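Participant: Any chance you can model this:
(2 chains)
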Amino acid sequence: MTSERNQEFLGLFLVITLLLFGFALVTLTLTRELPQEIFALPGALAALFFFGHLAMRLWVPKSDPFFLPIVSCLISLGLIMIYRLKPELVLVQVLWIGVGTFALITTLMFFRNYNELENYKYIFAIFGLLLLLSPIFVGKEVHGAKLWLKFGSFSFQPSEVAKILIVIFLAAYLKEKGDLLSLSRWKRWKISLPEPKHWGPLLTMWLISLAILIFQKDLGSSLLFFGLFLGMLYIATGRVTYVLIGLGLFLAGAASCYYLFPHVATRVDVWIDPWVDVAGRGYQIVQSLFAISSGGLAGSGLGKGFPQTIPAVHTDFIFSALAEETGFFGAAGVIVLYLLLTYRGLRLSLSASDGFGKLLASGLTTVFGLQTLVIIGGVTKAIPLTGVTLPFMSYGGSSILSNFILLGLLLAVSQKTAAGGESG
Amino acid sequence: MAAFLLLIIDLTYLQIFAAEKITSHPKNTRDLQSELQVPRGKIISSDGKVLAKNKRVGLNYARVYPFGNLTSAVIGFNSVNYGRTGLEQTFNGNLLGKKKVATIEDYINQIKEERIGNDLFLTLDTRLQQTAAEALGDKNGAVVVLEPKTGEILSMVTYPRYDPNNLKENWKSLVSDPETPLINRSTQGLYPPGSSFKVVTSAAALETETVTPEKVYDGPKELRVYGGRVTNYADQGFGEMPFQKALAVSCNTIFAQVGLELGAQNLVKFARKFGLNRDIPFELPVERSKIPSPRQMDKLELAWSAVGQGRILVTPLEIALVGAAIANDGEIMRPRLVKEIRDYKGNVLDRFDDKVWVRPVSRETAQTLGFLMVKVVDEGSGRRAKIAGISVAGKTGTAEPADKKRTHAWFVGFAPADDPQVVVAVVVEHAGVGGAIAAPIAKKIMEAALELVEN
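Facilitator: Got it, this is the predicted structure:
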């Protein structure tokens, strides 16, 4: 029995209390009755959390005790909101969380010696790219963006899984080439850069991001992947120049897209002033703002608001629904949870004992944190709206699955770091 | 990391500082949606009949009006598509059960309790409403029945009417109908008062001691004034008679002389005291009754104004209040339709007390004039309002409309004259002579009202 795991268990206990209370409250508000059956699915979810906890006791006993309670808290809040918005989807979401938990356990079981992953980096790179770009060729356009692969009635968002593979690849690649990239032998206009032959990866990632933007019309993923790449590049080389050049490249690319592609221009125009076309193009973001603002300080109460006016409220806009019904207290609380998770992740990457683990942890944290910022920033109109899911809270299998794998890898790095380089 | 904090700052802006501005945007349908989910309070007549209630439609509620077009002028409607009118509009907040949120306790109660609307209890009596509607029949016009000592409106009828239960089917024709069935004529119809206005002229003349009931005037067929002339109805000549007789037979040429003696200043001053040119405090929208300013009145117009023609326009409610002043010793009580508001458990939340609105003339003037108005019904133009065994006071009016079509028939009266329980004002558009058309309608209503008072 380690003290980390006991803390974790205590955290989980609080989360499960919150989960059951939330379900009871929503049910009472919406139906004025409280049949016991409604506790079946949250009960199943609690059991899944417990399985995850047991797996961690078994394989990563010394890992960070904050990760699982925070993640299960986010999952619980997400499930409460889905239950309130689309009760018919709760079962599917719980099944996906089950698949996710299985993926987490599998990750802990087979990949807790994550250094082995380094050896297969190019395989991950190829699979990642294939997944990432596959919707261009066989994808289905939903809401003006090609993000989905459809197999019969089953649809899958490949970019969610691709992001993990790309992080593994980049971590391995940058660990190997990081030193090379941080050397400056090539000088022009008082700027020192590595030799042009090493620019390859930077330019490749830039082109891939642009390809996602142009062919998949997926602003969110494009931003996410390029931001991820720049973040990891900075951590691997410690050079701000890369970040600045990268940002410049991205802005240049994005700006030309604004003029070249009408759907990008629309997104930006709607962001600048959604109020000119409330009934049309600005509808979704304006409904989201109505929801968030009507929440006020304490919220309307679970089940008492009207977040259903927002299209896609249970996926990309779940944060707006939460902000309406739990108010500033709830919404800011959730942001603090994401902040805490990101903080633990970055702290882990700073303290990680090996180069690959450091890069892996920072990459996973960056992709997780960026995705959260991009979607919460989007629905609050802080930045242009892009369609990505809110990690652990949004409805959707691909997102849940990939974020559980992400969690598993972070826990593995954490265990190894805490155990002083020895993996459990 | 800092970006997360920026998001929290952004959230503070959206949820606290700009919340009011954003949520009040007209395209935000939250208020409307939440209102649909609240069971609105019932509206209940003074005889205990439900005039408005709810039916469930899915998660929402919709309004049902059991009395249909009989009460629509007062109750109005509450509709997602067409908005709100009548008491449904005026008392929307109460009907929705909105409560003041002043303390933390209020706030907690608001979260805990399900919102249920509060019920309105009216002064309106459906039996009298039915009688008045039947008495008016299918002629365009309006009836106002009130209790002079309290200001309670017992009945308010307008014709043509609409059925608030099937607005959707009829909306287009209701809106485009030239007979304007959506307008409540008793509060929003502006008519020339004709001789019913002689009550105001007489009150002013008695109060200022310009006349006494016995003061004798010559009532010729026509009176030449300032390059024009004032005539009597059907060009009748009356000869010499005292003022009280002139009121009873409604002699225009004598009242023109009284008006000239009174002067435009006094006539307009008293008209205003009775409620013209001012807003009547009421639970429904009321058109302002109008009289031109004295400066705009030459002698000829003054003479015509004293007999209720010229540019004077009044609502039936206003004329009823003029009658109420005489019936209630010179005091007009504030007219009202709602007696009290109760929550769904029956606790009284708000009770509306009797309040004096204005005091246009003294008790003596009112009593003298009341006595003269009994003569109108006993032996003058209002004989058809006479009720066996009860003394009725009244005044007829036959008003020439601006379009010179057939005259509007007016009657305003109260009964019993010695202890007035009910005031009735009737206008029937383009129907002919007040004494022949409006007086019998008023009689039926007064009889029914007195019978209800007795029981």
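Participant: CA atoms for contacts and neighbours, from now on please.
Facilitator: Fine.
Participant: Just confirm B:Lys55 is within a helix.
Facilitator: No: counting by DSSP: H, G, I helix; E, B strand; the rest coil, B:Lys55 falls outside a helix, being strand.
Participant: Which neighbouring elements make contact with the helix or strand where A:Gly345 lies?
Facilitator: For A:Gly345, the host element (DSSP states H and E) is helix A:318-351. Judged by 3 or more CA pairs under 8 Å, 6 or more residues apart in numbering or on different chains; DSSP states H and E, the packing partners of helix A:318-351 are helix A:67-85, helix A:283-295, helix A:355-379, helix A:397-418, helix B:2-12.
Participant: Tabulate those in TSV, adding columns for mean pLDDT, distance to B:Val422 and mean neighbour count.
Facilitator: As requested, the helices and strands packed on helix A:318-351 are exported to TSV (pLDDT from 0 to 100; distance: least, CA to CA, whole Å; neighbours: other CA atoms under 10 Å in any protein chain shown):
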stretch	mean pLDDT	distance to B:Val422	mean neighbour count
helix A:67-85	95	57	24
helix A:283-295	90	51	28
helix A:355-379	92	64	25
helix A:397-418	93	75	25
helix B:2-12	84	60	17
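Participant: closest to B:Leu337 out of the ones you listed?
Facilitator: Closest approach to B:Leu337 among the helices and strands packed on helix A:318-351 is made by helix A:283-295 (35.7 Å; CA to CA).
Participant: returning to what we had before: what's the closest of the helices and strands packed on helix A:318-351 to A:Phe225?
Facilitator: Judged by CA to CA, the one of the helices and strands packed on helix A:318-351 that comes nearest to A:Phe225 is helix A:355-379, at 7.7 Å.
Participant: From the chain's centroid, how far away is the closest one?
Facilitator: 7 Å (CA atoms, centre = their mean, to the nearest Å).
Participant: With stretch B:213-233 instead?
Facilitator: In this view, stretch B:213-233 has its centroid 32 Å away from the chain centroid, taken as CA atoms, centre = their mean.
Participant: what's the span of stretch B:128-148, first residue to last?
Facilitator: Chord length of stretch B:128-148, first to last residue, is 16 Å (CA to CA, to the nearest Å).
Participant: Quick one: mean pLDDT over that stretch.
Facilitator: The pLDDT scores in stretch B:128-148 average 96.
Participant: go on, stretch A:128-142?
Facilitator: So the average pLDDT for stretch A:128-142 ends up being 74.
Participant: cool, stretch A:95-109 as well?
Facilitator: On average, stretch A:95-109 scores 94.
Participant: thought A:Gln287 was touching A:Val313?
Facilitator: No: the criterion here is CA atoms under 8 Å, and A:Gln287 misses it with A:Val313 at 9.9 Å.
Participant: Please confirm that B:Gly394 is located within a strand.
Facilitator: Yes: assignment of B:Gly394 by three-state DSSP places it within a strand.
Participant: Hmm, B:Ala417 and it touching each other?
Facilitator: No: if you go by CA under 8 Å, B:Gly394 and B:Ala417 don't touch, sitting 9.2 Å apart.
Participant: Any chance of the helices and strands packed on helix A:318-351 in JSON lines with distance to A:Ala162 as columns?
Facilitator: Formatted as JSON lines, these follow (distance: least, CA to CA, whole Å):
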{"stretch": "helix A:67-85", "distance to A:Ala162": "21"}
{"stretch": "helix A:283-295", "distance to A:Ala162": "28"}
{"stretch": "helix A:355-379", "distance to A:Ala162": "11"}
{"stretch": "helix A:397-418", "distance to A:Ala162": "9"}
{"stretch": "helix B:2-12", "distance to A:Ala162": "25"}
